[in-house]
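A.B. asks: Below are the sequence and a predicted model; questions follow.
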Amino acid sequence: MYREQLLLSHDVRLDVEVSGKDRWKLLLRKGKKIVVEYRSDGGYDFKSVEQLRYDFERDVENAQRQGR
């Protein structure tokens, strides 16, 4: 299993967890609230790591613009 937490600001955190070949999740949290969530079992159409990162970062930027 791989797990990483990045503190982006005093209350904004990025959690990355890979627990198997086809089991992963990316979460952007503000406090205890999940703002953006991508999960392998959540319907995301995985094409490549690069595309996953691009899509997730785009959604994070959109959430930050909207003040979530």
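C.D. replies: Looks like it arrived, so ask away.

A.B. asks: Compute the number of surrounding residues for Asp55.
C.D. replies: Using other Cβ atoms under 10 Å, Asp55 has 17 other residues around it. Glycine gets a C-beta too; all of them are placed from N, C-alpha and C.

A.B. asks: Now name the helix or strand holding it.
C.D. replies: helix 49-65 (DSSP states H and E).

A.B. asks: Which strands or helices does that helix pack on?
C.D. replies: Here helix 49-65 touches strand 23-30, strand 33-39, going by 3 or more Cβ pairs under 8 Å, 6 or more residues apart in numbering; DSSP states H and E.

A.B. asks: That helix vs strand 23-30, what angle?
C.D. replies: Going by axes from the mean of the first three to the mean of the last three Cα atoms, to 10 degrees, helix 49-65 is angled at 20 degrees with respect to strand 23-30.

A.B. asks: can you put the helices and strands packed on helix 49-65 in JSON lines and add mean neighbour count?
C.D. replies: Listed next are the helices and strands packed on helix 49-65 as JSON lines, based on neighbours: other Cβ atoms under 10 Å:
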{"stretch": "strand 23-30", "mean neighbour count": "18"}
{"stretch": "strand 33-39", "mean neighbour count": "15"}
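
A.B. asks: Please convert those strands to CSV, extending it with distance to Gly67.
C.D. replies: Listed next are the helices and strands packed on helix 49-65 as CSV, based on distance: least, Cβ to Cβ, whole Å:
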stretch, distance to Gly67
strand 23-30, 10
strand 33-39, 10
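
A.B. asks: So which of those strands is nearest Glu17?
C.D. replies: Glu17 sits nearest to strand 23-30 of all the helices and strands packed on helix 49-65, at 5.2 Å, using Cβ to Cβ.
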